[in-house]
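**Q** quick one, fold the following:
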Amino acid sequence: MAYKTVDFRQQSKPSPTQQVAQAPGKDQTVFFRLTTVAPLHIGCDEVYEPTSFVIDTKAKELISFETTSLLEKLDSATLKKFSEICKKGTVVSLLELFKFMHSQADLAEGQRIRVPDAFVQHYKSTLNLPQNERTVGQELNNFQIKRTSFDPLTSNAYIPGSAIKGAIRTAVLNLRNNGRSTPQFKGRDAGRKLQEQLLGFEFNHLETDPFRLLKVSDFFPVNDTARAVTYAVDKKKKPSDKESQAPYQILETVEPGAEFIGSITVLAPPGKDAKIQKHLSLDEITKALAFFYGSEKQNEDEMVRSIGVSPVELVVNGKFFPIRVGRHSGAECVTVNGHRNIKIMQGRNNPDKYLDHATTVWLAAETKKPISNQGLRPFGWVALEQLGFYEGQELKKKAERNKADVIEALQEKIARQKRQEEERYQQEAEQLRKELEKAAKLAAEMAAKEAAAEKERQTLAAMTDIERDVYIIQKSETPDNEITAICNKLDTLDNHEDQETISSALKIRWEVEGKWARNQCTPAQWEKVKKIKSFLVTESISDALSPEEQVAMEQIEKLADWGAWKNAEKAGATMDSLPLPALKKLREKFTSWKIKDGKGDKPKIWKSLNKLISQK
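**A** Model prediction:
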């Protein structure tokens, strides 16, 4: 077959082999071979995730794989490292994931996709980004590789029937409109109204849409479908000193030469009672493809030559119909000639304008910033070749066999992996059990900590401000700056009892920490101690106690713990019989023993003690 470009606009009618007649009252199915002649990307809203690919920098290939297939080959230490990175959940940790996967590139097995030299350097520079969250976030966002449509069972590229059907609809609309610009439709519904007029249906009654009788199958590969990672760059259609400001994109594309098989079926026109007014036929479809996409191809060829880009070559021999699908097909190829209203953005703070043509064109490039237009390629051009019934059936069977072979190999791989997993599980059963026990213990500890924390929150919420300060002082893990803050609050308290309560708690803490005696204190700490002593009644009036009070104070001072106090009670001692200084000393003891929050009757005794002190 010879490759050439043809001016389709000069073709008044299709050749005999292009004419596809449809017998009245019968469905008609025609097989087509779709051959890509330009880089093709059909979006599927998926990207290559950091854990599903690596770049073989020597072979200049992207290796795509299932994450689990790689993780199964890692030892426990490496798996632990991977798990620790994943747990971080930060932007910078994404870069760590890229680096980790790159370090395991020798273990990666899967489909290989060509990448250009510039992308290899782009990948290396990404791995060496500084550990800065903003920089990493921006660069990784630009480094996303958008996947082309793929079969989830085989991971092979395919062409969704919906993409072909959409392109056919655009072609038919253009053929029926034939370049007319009247009547003009305005507003948001302009496109809908134009389709209703040209196709003779109502959007509110889709059963009247003639395209409901058109069934387009998905197109599956019949040969090894080469794919590549490609940069998409936006270039102005007319030479200019100012380049387009649109950022580059990274796309996975199907390379030229890939072949796919599929079918197009037009269902038999319904009976007289049907509501479809303007029927669709295979003959009209083929005429529309040749008329519209041939014309647009010729227009594009002239335009790209003017900016130093070689046009895409299409095969034309009577059986091929040009068609354009996928991303960056150009605004003109997805709109109706005569009714185009293409939005042209004018930059920040400038109003957009609307023209009947686009001012830029997206082209496939080997680098994100090409220094010239030489080597750039348009996107999306494919050729539909009409096949005979038997040839189409054979190619369809071949595609199905190819898919079945891939699925069978995948099933064998899964079965082999399952056997290996079972063997490994048997060998590591004890280790797994220990890890589970450790995880359960950790979960229990975390739950206990959370329960304790919740209990503490409830306890603090029920306390007065003074009680809360005492509680904080009593906690050994309370930092010194919080202790100092509470100490500084003493001068702001109006109630001497509150001052004495906090002072007592501070004294006990500092005695335990060895920060109370003069020879144990720094100058700054000693100033705090002197301040605390000034608020403690027992420190200031101990010399003025009566003999009876002195004896009571000494008895309380000797008490070592709660049990000692209970023994004293059994021996006849009561709180009612104690003088005020002894009661206050007993409260200090109770505070250090944490009687207030104790079990049994301890909280009740604590309240009784405070009530006695307030009454005396």
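
**Q** please count neighbours and contacts with C-alpha atoms only from this point.
**A** Fine.

**Q** leaving out chain neighbours, which residue sits closest to residue 132?
**A** Excluding the flanking residues, the one nearest residue 132 by C-alpha to C-alpha, 6 or more residues apart in numbering is residue 92, at 7.0 Å.

**Q** for burial, what's the neighbour tally of the one you found?
**A** Other residues near residue 92 number 20, with proximity taken as other C-alpha atoms under 10 Å.

**Q** burial of residue 492, as a residue count?
**A** 8.

**Q** sorry, back to before: am I right that the residue nearest to residue 132 is in a helix?
**A** Yes: assigned with DSSP: H, G, I helix; E, B strand; the rest coil, residue 92 falls within a helix.

**Q** for it, give me its contacts.
**A** Residues near residue 92 by C-alpha atoms under 8 Å, 6 or more residues apart in numbering: 131-133, 136-137.

**Q** what about 10 Å?
**A** Contact analysis of residue 92 by C-alpha atoms under 10 Å, 6 or more residues apart in numbering lists 85, 129-137, 140.

**Q** just residue 344 next, same as before
**A** Residue 344 touches 351-355, 357-360, counting by C-alpha under 10 Å, 6+ apart.

**Q** the strand or helix carrying residue 418 packs against which elements?
**A** Here residue 418, judged by DSSP states H and E, is contained in helix 389-427. Contacting helix 389-427 under the criterion 3 or more C-alpha pairs under 10 Å, 6 or more residues apart in numbering; DSSP states H and E are the following elements: strand 28-36, strand 220-221, strand 259-266, strand 381-387, helix 429-462.

**Q** returning to that earlier point: which one of the contacts of residue 92 is nearest to residue 550?
**A** The shortest approach to residue 550 among those belongs to residue 85, at 66.0 Å (C-alpha to C-alpha).

**Q** on that earlier part again, looking at the helices and strands packed on helix 389-427, which is buried most?
**A** The highest mean neighbour count among these, using mean count of other C-alpha atoms under 10 Å, belongs to strand 220-221: a mean of 26.

**Q** run through the neighbouring helices and strands of that strand.
**A** Using 3+ C-alpha pairs under 10 Å, 6+ apart, strand 220-221 sits against strand 28-36, strand 259-266, helix 389-427.

**Q** closest one to residue 278 among those?
**A** Of all the helices and strands packed on strand 220-221, strand 259-266 comes closest under C-alpha to C-alpha, at 13.6 Å.

**Q** report the distance from the closest one to the chain centre.
**A** 35 Å (C-alpha atoms, centre = their mean, to the nearest Å).

**Q** C-terminal to that strand, what's the next element?
**A** Next along from strand 259-266, by DSSP H and E: helix 282-288.

**Q** and the next element down the chain from that next one?
**A** Remark: after helix 282-288, the chain's next helix or strand is helix 294-306, criterion DSSP H and E.

**Q** among the contacts of residue 92, which ones are in helices?
**A** 85, 133-137, 140 (DSSP state H).

**Q** closest to residue 596 among the residues you listed?
**A** Looking across the ones in helices among the contacts of residue 92 and measuring by C-alpha to C-alpha, the closest to residue 596 is residue 85, at 46.0 Å.

**Q** could you report the neighbour count for that closest one?
**A** 18.

**Q** for it, give me its contacts.
**A** Applying C-alpha under 10 Å, 6+ apart to residue 85 gives the contacts 79, 92-97, 100.

**Q** how about residue 354?
**A** Taking C-alpha under 10 Å, 6+ apart as the test, what residue 354 contacts is 340-345.

**Q** in JSON lines: the ones in helices among the contacts of residue 92, plus distance to residue 173 and pLDDT.
**A** Formatted as JSON lines, those follow (distance: C-alpha to C-alpha, whole Å; pLDDT from 0 to 100):
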{"residue": "85", "distance to residue 173": "53", "pLDDT": "93"}
{"residue": "133", "distance to residue 173": "49", "pLDDT": "89"}
{"residue": "134", "distance to residue 173": "47", "pLDDT": "90"}
{"residue": "135", "distance to residue 173": "47", "pLDDT": "91"}
{"residue": "136", "distance to residue 173": "46", "pLDDT": "90"}
{"residue": "137", "distance to residue 173": "43", "pLDDT": "89"}
{"residue": "140", "distance to residue 173": "41", "pLDDT": "91"}
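
**Q** who wins on neighbours among these?
**A** Within the ones in helices among the contacts of residue 92, most neighbours by other C-alpha under 10 Å means residue 136, with 20 neighbours.

**Q** can I get the helices and strands packed on strand 220-221 in JSON lines with distance to residue 296?
**A** Output for those, formatted as JSON lines (distance: least, C-alpha to C-alpha, whole Å):
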{"stretch": "strand 28-36", "distance to residue 296": "17"}
{"stretch": "strand 259-266", "distance to residue 296": "23"}
{"stretch": "helix 389-427", "distance to residue 296": "28"}
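
**Q** point out where the stretch 251-400 of the chain drops to low pLDDT.
**A** For the stretch 251-400 of the chain, residues meeting the criterion pLDDT under 70 lie at 271-274, 315-318.

**Q** thinking again about what came up before, what's the farthest-apart pair in the contacts of residue 85?
**A** Across the contacts of residue 85, no pair lies farther apart than 79 and 92, at 19.2 Å, counting by C-alpha to C-alpha.

**Q** straight-line length of stretch 343-356, end to end?
**A** With C-alpha to C-alpha, to the nearest Å as the measure, stretch 343-356 spans 9 Å from end to end.

**Q** again, but for stretch 58-78
**A** OK, stretch 58-78 end separation, C-alpha to C-alpha: 24 Å.

**Q** distance from the chain centre to that stretch, please.
**A** For stretch 58-78, the distance to the chain centre is 21 Å (C-alpha atoms, centre = their mean).

**Q** circling back to that earlier point, by neighbours, which of the contacts of residue 354 wins?
**A** residue 341 leads the contacts of residue 354 on contacts (other C-alpha under 10 Å) with 20 neighbours.
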